[in-house]
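A.B. asks: Sequence and predicted model, in that order:
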Amino acid sequence: MNKKTLLITGGAGFIGSHVVRRFVNEYPDYLIVNLDKLTYAGNLENLKDEENSPNYLFVKGDITDAAFLETLFNQYQFDGVIHLAAESHVDRSISNPMEFVMTNVVGTVNLLNMCKMIWNGQYENKLFYHVSTDEVYGELGDDGKFLETTPYDPNSPYSASKASSDHFVRAYHHTYGLPVKISNCSNNYGSHHFPEKLIPLMIHNILNMKPLPVYGKGENVRDWLFVVDHARAIDVIFHQGKMGDTYNIGGNNEWKNIDLVKLLCQLMDSKLGREEGTSEKLIHYVTDRAGHDFRYAIDAGKLMNELGWQPSVTFEQGLEKTVEWYLSNQEWLTHVTSGAYKNYYQQMYSNR
Ligand code: NAD
Ligand code: TYD
């Protein structure tokens with residue numbers, strides 16, 4: 001008998017796969033159900049190591065489909081939901097905002113309605129955990145950091161859709177008493193990251209001696225956290241965080257994009273045995289992103305002081321592990337860039 005049945009949405013994506021791995025391994029008495037639509041960003045190869053775990057199962061489905069969700073929730077009577085499924089790439093949100101409204105806003109409200117339906121006011125030991133981003137707070141100038149009390153000021157269609165979903169989660173707590181927690185995290189990096197985002201894209205292009213597109217002057221600043229530490233923070237907040245509260249998660253690790261790209265170039269040159277400076281020659285300044293937020297930085301003091309969470313690795317250690325992973329898993333990268341990862345679902349799950 002499983003002690004808890006948890007739904008993790010978006011578990012085939014980058015962060016979701018790390019959260020699934022953590023919960024499956026740390027909590028063998030929980031049944032973990034991973035619900036994912038397998039969009040371009042969803043890749044079951046991310047969880048190859050877990051697919052035969054006895055307390056894990058995968059369900060393919062779309063959180064915008066309320067009828068499908070109703071059947072699923074009635075079947076499993078989940079005790080908790082950790083909600084990561086989302087459209088997550090700012091550049092895609094600029095070209096196709098409606099997809100972000102559907103998944104990030106409508107999908108989230110569907111899930112809230114399902115929790116309200118099956119829990120029916122019996123909220124003891126129940127939790128809806130919403131995974132969000134620091135981008136909801138807008139952009140910073142040269143100084144300051146985002147606190148949990150910073151007013152929302154989203155600038156991109158992506159961050160506007162995430163901000164909207166956060167508001168709905170909060171509103172369901174306030175209006176219906178639904179037990180919820182929200183976390184807002186800074187930029188993540190690590191293994192299994194789709195190579196459309198800055199760090200995996202640069203690693204892929206350096207490896208293949210392709211141009212390294214740096215937006216604008218490369219002066220924008222992001223605050224980077226190792227994805228395994230994000231998954232650890234979600235675990236800590238899920239189990240020990242205060243009901244109805246928001247927690248900011250970040251690694252106190254700000255980098256200008258251009259400095260980070262140069263660091264990656266140096267690291268990769270040394271790993272690949274290339275002459276120093278080879279990869280930096282690939283840097284190519286391109287037209288800036290429309291409405292490009294200048295700087296993000298998280299104050300994670302509340303999480304650290306109240307719940308005792310700390311990052312487990314320094315940026316140097318995390319980046320080294322990340323680059324090592326991509327170099328040792330070039331097949332993963334090739335499958336993602338060629339589209340071959342899409343066949344994996346067919347092979348593994350078509351007859352289940
Ligand atoms: P990702 O794009 O790698 O993964 C998203 C996953 O959601 C994919 O597996 C995709 O198939 C799935 N999905 C998309 N639409 C769906 C739908 N309609 N129904 C079911 N599944 C669907 O994203 P990520 O980077 O892993 O981000 C996960 C969550 O964390 C998101 O909510 C994002 O806003 C948040 N977040 C990300 C970062 C970051 O740096 N990547 C930082 C803070 C917060
Ligand atoms: P990204 O990884 O898309 O995350 P986000 O926009 O959610 O912070 O981008 C991180 C930073 O890197 C952002 O300032 C945009 C910049 N960037 C580039 O300069 N070149 C690129 O090719 C990409 C994908 C991003």
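C.D. replies: It's in. Ligands and ions are numbered 1, 2, ... in the order given.

A.B. asks: any residues touching stretch 271-284, and which ones?
C.D. replies: Taking Cβ atoms under 8 Å, 6 or more residues apart in numbering as the criterion, the residues outside stretch 271-284 that touch it are 205-207, 209-214, 258, 261-262, 264-266, 268-270, 323-324, 327. C-beta here means a position set from N, CA and C on the backbone, and glycine is covered the same way.

A.B. asks: got the CA positions of it in CSV?
C.D. replies: Taking only C-alpha atoms (Å, rounded to 0.1, in the frame of the first residue of the first chain), the coordinates of stretch 271-284 have been written out as CSV:
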residue,chain,number,x,y,z
LYS,A,271,37.8,19.3,-21.8
LEU,A,272,38.0,18.8,-25.5
GLY,A,273,41.7,19.4,-25.7
ARG,A,274,41.3,22.4,-27.9
GLU,A,275,43.7,25.3,-28.1
GLU,A,276,42.7,28.0,-25.6
GLY,A,277,40.5,30.6,-27.2
THR,A,278,39.2,28.3,-30.0
SER,A,279,35.6,28.3,-28.9
GLU,A,280,35.4,32.0,-28.0
LYS,A,281,36.0,32.8,-31.7
LEU,A,282,32.5,31.3,-32.3
ILE,A,283,30.8,34.0,-30.3
HIS,A,284,28.4,35.9,-32.5
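
A.B. asks: which of the residues in that stretch are buried?
C.D. replies: Neighbour counts over stretch 271-284 (16 or more other Cβ atoms under 10 Å) mark S279, L282, I283 as buried.

A.B. asks: I'd like the distance from that stretch to the chain centre, please.
C.D. replies: When C-alpha coordinates are averaged (Cα atoms, centre = their mean, to the nearest Å), stretch 271-284 and its chain have centres 29 Å apart.

A.B. asks: Ok, stretch 82-93 next?
C.D. replies: How far stretch 82-93 lies from its chain's middle: 8 Å, per Cα atoms, centre = their mean.

A.B. asks: List the buried residues in it.
C.D. replies: Of the residues in stretch 82-93, those buried (16+ other Cβ under 10 Å) are I82, H83, L84, A85, A86, E87, S88, H89, V90, R92, S93.

A.B. asks: So which residues of the stretch 251-352 of the chain form helices?
C.D. replies: Residue ranges of the helices in the stretch 251-352 of the chain, as given by DSSP state H, counting those that start in this stretch, are 257-272, 301-307, 315-328, 330-338, 342-349.

A.B. asks: So what's the residue count around the residue nearest to Y30 when sequence neighbours are not counted?
C.D. replies: Of all residues not flanking Y30 in the chain, K4 sits nearest, at 4.6 Å (Cβ to Cβ, 6 or more residues apart in numbering). Burial of K4, expressed as a neighbour count using other Cβ atoms under 10 Å, amounts to 16.
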